[in-house]
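Colleague: turn this into a structure:
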Amino acid sequence: MLLTRIKGPRDLDRLSQEELNQLAAEIRSFLVDAVSKTGGHLGPNLGVVELTIALHRVFDSPKDKVLFDTGHQAYVHKLLTGRQDFGNLRSKGGLSGYPSRAESDHDVIENSHASTVLGWADGIAKANEVLGREDHHVAAVIGDGALTGGMAWEALNNIAAAKDRPLVIVVNDNERSYGPTIGGLANHLATLRTTDGYERFLARGKDLLERTPVVGRPLYETLHGAKKGLKDFIAPQGMFEDLGLKYIGPIDGHDIEALESALQRAKRFSGPVIVHCLTQKGRGYEPAVQDEADRFHAVGVIHPDTGLPVSTDAASWTSVFADEMVKLGKERKDIVAITAAMLQPVGLKKFADAYPDRIFDVGIAEQHGATSAAGLATGGAHPVFAVYATFLNRAFDQVLMDVALHKCGVTFVLDRAGVTGTDGASHNGMWDMSILQVVPGLRLAAPRDAEQLRAQLNEAVLVKDAPTVVRFSKGVVGPAVPAVGRIGGMDVLRTPAPEVTHPDVLLVSVGALAPMCLEIADLLDKQGISCTVVDPRWVKPVDEALAPLADQHRVVVTVEDNSRAGGVGSAVAQALRDAGVDVPLRDFGIPQRFLDHASRKEVMAEIGLTAPDIARQVTGLVAKLDGRYDNEPAAAVD
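Modeller: Numbering: from 1, shown residues only. All right, here's what the predicted structure looks like:
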């Protein structure tokens, strides 16, 4: 196999065009076989095989910087830079599903949030200029979906201003982000795709010119790099050139020779150039090509021959939300939904099918989505903006200054909240409950099970004068956790034995960690430590009944799937101080560090967010209150 002989990008230099095409086929076969076993981003990588080969043939990485926006299409890049052990892809100790500086000098951007690559490229190109590195080049690959993000256009505005600063922008145009790309830019790119006269014109003459001695190839190169006059006659790419950016394309993104030719011309140019490549997401794997939803953007473990899942999971948090949204849409005509280019992943596809006139896909533009939601609310609708928890970070200013300041009734639904695991540091939803604590008037719900998700979503959309947030975890929703009572707005999940008049521990359970908190209470009970477990349901604002309840206990413990810094534990501590309740509090949550990719269970164990770990520490805390010291430990907790 050719692939096993590729230890680094320069090994590509000695391959013929025929061998390069063979290598592309081997890579596709490898990806289907490997990713079907581990899960991961299959469709995007199948679409960029030839493009990645051409990039590494033309540019000399790592001296030249080859940058990938989002990074979910970097598997081919990993293979060509010496990383071909995909056996533990996205698992602890294995390859990351995104570029990783710890893995290779060829990886630059680890952040897997979209639309950032052009800002990175602009900065690196400026550094090359300032430091006099004339032999260093920058090539930034960005999908047409990521170009819907405002950050990309802010960067383009700056890049275009420096007409003599070399920078190659490769637009990987597959008409999709997760699903089909939407909006004005998508329409413009569609025009460029369908107006292919320029490339047809070149193709017809290419064979003849290349057979012409001496001048044939140079003349073809000249025509292929022709200036705006000829190209505008054939293809309306003026939008890019009006920005001051030279434009090459559209190029067949699966023709290695054509790609290399275009990239070489762009590399030689002394200013910013856009190379527009047309690719097919999922190319070469029929199940992916036939998947209209997202072309196998991300898959779990599948049968490689059929593309079907190996196992069918139980109901997920996302599916519970999806069904409840359809129900709400039927009951209330003012309910509308917003997605940032992730209709299917966030569970809004069913709503879109049922109410196509009440769904708005804003593209990869969370900031715009939040402000547009404020406008919708002001106009009399109640928008539900469903977004991954980690991506709401990008719209904080709009949540604060557009939605909250104007007292707009907007509901944000945060999917993948807390530790998500296999997608690594940038996808853990571990900041939302900290960031949102500072937003005046905002109300935040953390459902513990499917029943509470449905109930709290219904409560959220009733609020007309403030933003509401409902956040839930990734994956399968756990079993129902029934309440045994209610204090204020809080559900009581467990009470001490009736004869206990002054319980030891008040355990505040946040969201989906309720089963763990009940397990902690069981472990504490075995140590003779009495415990009350409550679920606040709405963690912001802190329920007024919590402080008086805490005052009846010896110690308060909070457990949350969120950063400890500024999270629910911090809010509860402040509420106790404000109420004059002087009870020791211990908060458990995610430490302030970026977490490496691994399964959720492995990550939780690594950071000590497990029932035995927490029970052991709480037992020690109670022991200190009883007058015992560190050299007289309490009994061990199994």
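Colleague: longest helix in the chain, by number of residues?
Modeller: Ranked by number of residues, the top helix in the chain under DSSP state H is helix 17-38.
Colleague: show me where the stretch 101-250 of the chain has strands.
Modeller: Applying DSSP state E, counting those that start in this stretch to the stretch 101-250 of the chain gives strands spanning 138-143, 167-173, 246-252.
Colleague: now for the second one, which elements pack on it?
Modeller: Applying 3 or more CB pairs under 8 Å, 6 or more residues apart in numbering; DSSP states H and E, one finds that strand 167-173 contacts helix 49-58, helix 117-130, strand 138-143, helix 150-161, helix 184-194, helix 256-268, strand 272-278. C-beta: built from backbone N, CA, C; applies to glycine.
Colleague: for the fifth one, what is the average pLDDT?
Modeller: Confidence for helix 184-194, expressed as mean pLDDT, is 47.
Colleague: likewise stretch 53-67?
Modeller: For stretch 53-67, the mean per-residue pLDDT is 97.
Colleague: what's that stretch in contact with?
Modeller: Identification of contacts with stretch 53-67 by CB atoms under 8 Å, 6 or more residues apart in numbering yields 9-10, 12-13, 20, 23-24, 76-77, 80-81, 104-106, 108-109, 117, 120-121, 124, 135-141, 170, 256, 259-260, 263-264, 267.
Colleague: quick one: find the helix or strand in this protein with the lowest mean pLDDT.
Modeller: When the helices and strands of the chain are compared on mean pLDDT, DSSP states H and E, helix 228-234 comes out lowest with a mean of 41.
Colleague: how many residues are close by residue 486?
Modeller: Here the count is done by other CB atoms under 10 Å, and residue 486 has 12 residues near it.
Colleague: who does the residue nearest to it when sequence neighbours are not counted bridge with?
Modeller: The shortest distance from residue 486 to any non-neighbouring residue, by CB to CB, 6 or more residues apart in numbering, is to residue 492 (6.5 Å). Judged by DSSP bridges, the bridge partners of residue 492 are residue 485, residue 534.
Colleague: low-confidence stretches in the stretch 51-200 of the chain?
Modeller: 176-200 (pLDDT under 70).
Colleague: tell me what the next helix or strand after the longest helix of the chain is packed against?
Modeller: Next along the chain after helix 17-38, taking DSSP states H and E as the criterion, comes helix 43-46. Helices and strands touching helix 43-46, by 3+ CB pairs under 8 Å, 6+ apart, are helix 17-38.
Colleague: let me know the angle separating the helix it packs on from helix 49-58.
Modeller: Angle of helix 17-38 versus helix 49-58, following axes from the mean of the first three to the mean of the last three CA atoms, to 10 degrees, is 120 degrees.
Colleague: give the rounded mean pLDDT of helix 17-38.
Modeller: Per-residue scores along helix 17-38 average to 94.
Colleague: now the residue lying closest to residue 286 once chain neighbours are set aside: how far from residue 76?
Modeller: Excluding the flanking residues, the one nearest residue 286 by CB to CB, 6+ apart is residue 307, at 8.0 Å. Computed with CB to CB, to the nearest Å, the distance linking residue 307 and residue 76 is 19 Å.
Colleague: what's the burial count for residue 371?
Modeller: Residue 371: 21 neighbours (other CB under 10 Å).
Colleague: which helix or strand contains it?
Modeller: If you go by DSSP H and E, residue 371 is part of helix 366-378.
Colleague: just the angle between that helix and helix 150-161, please?
Modeller: Going by the same axes, to 10 degrees, helix 366-378 makes 130 degrees with helix 150-161.
Colleague: next secondary structure after helix 366-378?
Modeller: As assigned by DSSP H and E, the chain's next helix or strand after helix 366-378 is strand 382-388.
Colleague: buried sites along the helix or strand following that next one?
Modeller: Next helix or strand after strand 382-388 toward the C-terminus (DSSP H and E): helix 389-392. Buried positions in helix 389-392, judged by neighbour count with 16 or more other CB atoms under 10 Å: 389-392.
Colleague: swap in stretch 578-598?
Modeller: Along stretch 578-598, these residues count as buried under the neighbour rule (16+ other CB under 10 Å): 581, 585-590, 595-598.
Colleague: distance to residue 453 for those residues - can I get that in TSV?
Modeller: TSV is the format used below for the buried residues of stretch 578-598 (distance: CB to CB, whole Å):
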residue	distance to residue 453
581	31
585	28
586	28
587	24
588	23
589	21
590	21
595	25
596	29
597	27
598	26
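Colleague: now, the residues you listed that are in strands?
Modeller: The members of these that map onto strands under DSSP state E are 585-590.
Colleague: can you add pLDDT and give those back as a markdown table?
Modeller: Listed next are those as a markdown table, based on pLDDT from 0 to 100:
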| residue | pLDDT |
| --- | --- |
| 585 | 96 |
| 586 | 96 |
| 587 | 96 |
| 588 | 96 |
| 589 | 95 |
| 590 | 93 |
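Colleague: could you point out the longest strand in this structure?
Modeller: Counting residues, the longest strand found in the chain (DSSP E) is strand 555-563.
Colleague: what packs against it?
Modeller: helix 432-435, strand 505-509, helix 514-526, helix 568-578, strand 585-590, helix 611-625.
Colleague: residue 307 and residue 76: which is more packed in?
Modeller: For residue 307 versus residue 76, the count of surrounding residues by other CB under 10 Å is larger for residue 76: 26 against 20.
Colleague: quick check: the residue nearest to residue 286 vs residue 342, distance?
Modeller: From residue 307 across to residue 342, the span is 21 Å (CB to CB).
Colleague: burial measure for residue 541, as a count.
Modeller: Using other CB under 10 Å, residue 541 has 15 other residues around it.
Colleague: how about the secondary structure of the residue nearest to residue 286?
Modeller: Using DSSP: H, G, I helix; E, B strand; the rest coil, the structure places residue 307 in coil.
Colleague: what of residue 318?
Modeller: With three-state DSSP as the criterion, residue 318 reads helix.
Colleague: for the residue nearest the centre of the chain, give me its contacts.
Modeller: The residue lying closest to the centre of the chain (CA atoms, centre = their mean) is residue 427, at 5.1 Å. When contacts are counted by CB under 8 Å, 6+ apart, residue 427 touches 112, 388, 390, 416, 420.
Colleague: go ahead and confirm the first one touches residue 72.
Modeller: Yes. At 6.7 Å, residue 112 counts as touching residue 72 under the criterion of CB atoms under 8 Å.
Colleague: joint contacts of those two?
Modeller: Taking CB under 8 Å, 6+ apart as the contact rule, residue 112 and residue 72 both touch residue 98.
Colleague: any idea how far residue 414 is from residue 317?
Modeller: Computed as CB to CB, the residue 317 to residue 414 distance reads 10 Å.
Colleague: do residue 479 as well
Modeller: 22 Å.
Colleague: swap in residue 332?
Modeller: Distance, residue 332 to residue 414, using CB to CB: 21 Å.
Colleague: try residue 75
Modeller: Per CB to CB, residue 75 is found 28 Å from residue 414.
Colleague: out of the two, which sits in the more crowded spot?
Modeller: Using other CB under 10 Å as the criterion, residue 75 and residue 414 rank with residue 75 on top: 29 against 26.
Colleague: wait, what's in contact with residue 85?
Modeller: Residue 85 makes contact with 94-95, according to CB under 8 Å, 6+ apart.
Colleague: same thing with the one 5 residues further on?
Modeller: Neighbour list for residue 90: 38-40, 96-97, 422-424, 597 [criterion: CB under 8 Å, 6+ apart].
Colleague: element containing it, please.
Modeller: For residue 90, there is no host helix or strand (DSSP H and E).
Colleague: could you number the chain from 847 rather than 1 from now on?
Modeller: Shifting the count to begin at 847 puts that one at residue 936.
Colleague: OK, contacts around residue 922?
Modeller: 873, 877, 891, 894-895, 898-899.
Colleague: those residues: which two are farthest apart?
Modeller: The largest distance within the contacts of residue 922, taken as CB to CB, falls between 877 and 899 and amounts to 13.3 Å.
Colleague: more crowded one of those two?
Modeller: More crowded of residue 877 and residue 899, by other CB under 10 Å: residue 899, with 26 against 23.
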